[in-house]
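S.K.: need a 3D model of the sequence below.
(2 chains)
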Amino acid sequence: AQSVTQLDSQVPVFEEAPVELRCNYSSSVSVYLFWYVQYPNQGLQLLLKYLSGSTLVKGINGFEAEFNKSQTSFHLRKPSVHISDTAEYFCAVSVNRDDKIIFGKGTRLHILP
Amino acid sequence: DSGVTQTPKHLITATGQRVTLRCSPRSGDLSVYWYQQSLDQGLQFLIQYYNGEERAKGNILERFSAQQFPDLHSELNLSSLELGDSALYFCASRGDRHGYTFGSGTRLTVV
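M.R.: Numbers count the residues shown, from 1 in each chain, chains lettered A, B, ... in the order given. Predicted structure coming up:
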């Protein structure tokens, strides 16, 4: 079975500073990887996804993530955060395009002024 | 607007009652997935339907059931409600071109 571990439940970071949200996954087969964002009182929005190909994936709002198969990681990064990035971020995995998505517990990003 | 419509947005009901949550997928999407988001359990997969047939089951309680109709909309039925069923319930649909799309959710409060 697949699982996702988000290593930090909360990450505080100053505005305009860089941020990395960590994600590790466990699977015995190849996986698809996703990052979703949930703004306060809203639904889930896809930030980016890795299906195959280049291990560096660029998403919306200036976010990017790097797939590292040897370390089974898919960390999310942004070089300079803005107050509008305050949200909860979910790393997720599925084993094929039709399969259910398994989510991590989420990381709450706090932007400090 | 993601194209996935969930109704109602909010629902308040008493323990022991039954409710129905509705999801209309994006036009042309055959797969519908239901998820429950709660503070203690996080985002949990409940059940998947594909073109009217149950495809996969997750952590769905026996008191909960779902179905997908010929017009592809789906309903999640929750019965004998308990306080612990209070949560956000998300529906997602999947299409070949765009992948997963989530609705904005139904917030269920059981009092």
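
S.K.: what sits against the one residue sitting closest to the centre of chain A?
M.R.: Central residue of chain A (C-alpha atoms, centre = their mean): residue A:35, 3.5 Å from the mean position. Residue A:35 makes contacts with A:21, A:23, A:46-49, A:59, A:63, A:65, A:74, A:76, A:89-92, as judged by C-beta atoms under 8 Å, 6 or more residues apart in numbering or on different chains. To be clear about C-beta, it is placed using only N, CA and C from the backbone, and glycine gets the same treatment.

S.K.: and those near chain B, which?
M.R.: Checking the contacts of residue A:35 against chain B by C-beta under 8 Å from any C-beta of the partner chain, the ones in range are A:46, A:49, A:90.

S.K.: most neighbours out of the residues you listed, which is it?
M.R.: Within those, residue A:90 tops the neighbour count with 25 neighbours, counted by other C-beta atoms under 10 Å in any protein chain shown.

S.K.: what's the helix or strand for it?
M.R.: strand A:87-94 (DSSP states H and E).

S.K.: beta partners of the spatially most central residue of chain B?
M.R.: The residue lying closest to the centre of chain B (C-alpha atoms, centre = their mean) is residue B:34, at 3.7 Å. On the basis of DSSP bridges, residue B:34 takes part in beta bridges with residue B:47, residue B:91.

S.K.: what residues does chain A have near chain B?
M.R.: A:34, A:36, A:42-46, A:49, A:90, A:97-106.

S.K.: tell me both backbone torsions, phi and psi, for residue A:61.
M.R.: Note on residue A:61: backbone dihedrals following degrees, to the nearest 10 are phi 60, psi 30.

S.K.: for it, give its distance to chain B.
M.R.: 16 Å (C-beta to the nearest C-beta, to the nearest Å).

S.K.: where in the chain is pLDDT low?
M.R.: All of this is about chain A. Within chain A, no range satisfies pLDDT under 70.

S.K.: switch to chain B, that's the one I care about
M.R.: B:97-98.

S.K.: go with 90
M.R.: B:1-3, B:28, B:39-41, B:59, B:94-101 (pLDDT under 90).

S.K.: wait, isn't residue A:60 in contact with residue A:76?
M.R.: No: shown here, residue A:60 and residue A:76 do not form a contact pair, counting by C-beta atoms under 8 Å, at 11.9 Å.

S.K.: neighbour-wise, which of these two wins?
M.R.: Using other C-beta under 10 Å as the criterion, residue A:60 and residue A:76 rank with residue A:76 on top: 24 against 10.

S.K.: what's the closest non-adjacent residue to residue B:72?
M.R.: residue B:25 (5.6 Å; C-beta to C-beta, 6 or more residues apart in numbering or on different chains).

S.K.: OK, contacts around residue B:4?
M.R.: B:23-26, B:91-93, B:101-103.

S.K.: mind checking the SS state of residue B:93?
M.R.: With DSSP: H, G, I helix; E, B strand; the rest coil as the basis, residue B:93 sits in strand.

S.K.: just give the number of residues close to residue B:83.
M.R.: Using other C-beta under 10 Å, residue B:83 has 9 other residues around it.

S.K.: I'd say it and residue B:110 touch.
M.R.: Yes: contact criterion C-beta under 8 Å: residue B:83 and residue B:110 qualify, at 5.3 Å.

S.K.: where do the contact lists of these two overlap?
M.R.: Taking C-beta under 8 Å, 6+ apart as the criterion, residue B:83 and residue B:110 both touch residue B:15.

S.K.: sounds good, over and out.
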